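Colleague: please find the sequence and the predicted model below.
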Amino acid sequence: MRRAIVLTALLGLLAGCAGGAGSQAEQQALVDRATLAVQDMLGDNTAPARDAAARLRSARAVIICPQVFRAGFIFGGEGGACVLVGRDGAGSWSSPAFYGIGTGSVGLQAGLQDSQVMIMIMNDRALNAVLSSQFTLGADASLSVATIGGGIGAGTTAAVGPDLVTYAKARGLFAGVTLEGSILSSREEQNQTYYGRSASARQIVVDMAVHNPGADPLRSVLMRFGTRQ
């Protein structure tokens with residue numbers, strides 16, 4: 001019975017990562033969950049949260065995944081829905097572009113984990129890599145990845161000047177969540193649904209060519225925690 005439950009959850013999360021336009025209400029619900037995730041992850045006054053907030057203040061952009069599931073019994077995988085938000089030179093945050101995160105693995109592991117994930121993108125080079133149609137964490141040796149806390153593993157760790165900084169709060173049966181090999185994929189159908197017009201991730205987070213007032217609370221909480229000092 002437990003195997004069947006875990007397998008069903010795994011199939012469901014991987015199917016969800018396959019994408020689809022959904023409804024504007026569904027996209028707004030994801031944006032709202034991302035807002036709450038930022039508050040939860042950065043507002044608890046722990047050392048990792050303070051470190052993450054300090055990184056966010058210097059970030060060029062941030063990916064927020066309010067709910068990433070990892071499940072497995074022999075066959076494992078992880079996946080979830082995310083938003084990418086960029087910042088301009090004046091410090092203003094964009095409205096979100098929609099992304100999915102997912103991967104698969106094979107191993108002797110069993111369990112189900114629910115995590116909140118943030119990936120701080122520290123410079124234009126890393127942002128341009130993420131803005132490609134698909135980006136695999138840890139696959140680009142030219143990009144260094146640092147981690148905050150013990151919950152995430154990544155392809156490379158750099159003590160000074162990382163291109164990407166990952167931070168997660170995990171709950172469930174696994175000790176941590178591993179993002180190495182995870183694929184970030186743009187969801188342009190969801191962008192079109194949310195904004196009522198076709199818009200690429202670059203147009204949203206770099207050009208800031210579209211805006212949805214429903215994203216203002218997310219932009220506000222990022223201003224609260226991520227204002228440069």
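Modeller: Right, received. Where do you want to start? Quick caveat: nothing in here was measured; it's all calculated off a predicted structure.

Colleague: in three-state terms, how would residue 114 be classified?
Modeller: At residue 114, secondary structure determined by DSSP: H, G, I helix; E, B strand; the rest coil is strand.

Colleague: to clarify, my last question referred to residue 165.
Modeller: Classification of residue 165 by three-state DSSP places it in strand.

Colleague: how near is the nearest residue to it once chain neighbours are set aside to residue 169?
Modeller: Once flanking residues are discounted, residue 165 sits nearest to residue 120: 4.2 Å by CB to CB, 6 or more residues apart in numbering. Where you see a C-beta, it was placed from the backbone N, CA and C, and this is true even at glycine. Using CB to CB, to the nearest Å, one gets 15 Å for the distance from residue 120 to residue 169.

Colleague: what does residue 204 give?
Modeller: Distance of residue 204 to residue 169, computed by CB to CB: 26 Å.

Colleague: what's the span of stretch 84-91 from first residue to last?
Modeller: Start-to-end span of stretch 84-91 (CA to CA, to the nearest Å) is 16 Å.

Colleague: which of the residues in that stretch are buried?
Modeller: 84-87 (16 or more other CB atoms under 10 Å).

Colleague: just after the worst-scoring helix or strand of the chain on mean pLDDT, pick out the following helix or strand.
Modeller: None of the helices or strands of the chain scores lower by mean pLDDT, DSSP states H and E than helix 2-16, at a mean of 43. Per DSSP states H and E, the first helix or strand lying C-terminal to helix 2-16 is helix 24-42.

Colleague: centre of the chain versus that next one, how much separation?
Modeller: Between the centre of helix 24-42 and the centre of its chain there are 11 Å (CA atoms, centre = their mean, to the nearest Å).

Colleague: give me the contact list for the helix or strand following it.
Modeller: Sequence-wise, the next helix or strand downstream of helix 24-42 (DSSP H and E) is helix 47-57. Helix 47-57 has contacts (CB atoms under 8 Å, 6 or more residues apart in numbering) with 41-43, 62, 118, 120, 122, 148-149, 165, 167, 222, 225-229.

Colleague: mind giving me the PyMOL select for the residues you listed, buried ones only?
Modeller: In PyMOL, this line selects whichever of the contacts of helix 47-57 come out buried by 16+ other CB under 10 Å:
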select buried, resi 41+42+62+118+120+122+148+149+165+167+222+225+226
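
Colleague: how about the buried residues of stretch 84-91, which pair is most distant?
Modeller: Greatest spatial distance among those (CB to CB): 84 and 87, at 11.3 Å.

Colleague: what touches both of the two?
Modeller: Contacts common to residue 84 and residue 87, judged by CB under 8 Å, 6+ apart, are residue 61.

Colleague: before we move on, the earlier item: would a markdown table of the buried residues of stretch 84-91 with distance to residue 181 and pLDDT be doable?
Modeller: Formatted as a markdown table, the buried residues of stretch 84-91 follow (distance: CB to CB, whole Å; pLDDT from 0 to 100):
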| residue | distance to residue 181 | pLDDT |
| --- | --- | --- |
| 84 | 19 | 97 |
| 85 | 24 | 98 |
| 86 | 25 | 97 |
| 87 | 27 | 94 |
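
Colleague: I am finished for the moment; much appreciated.
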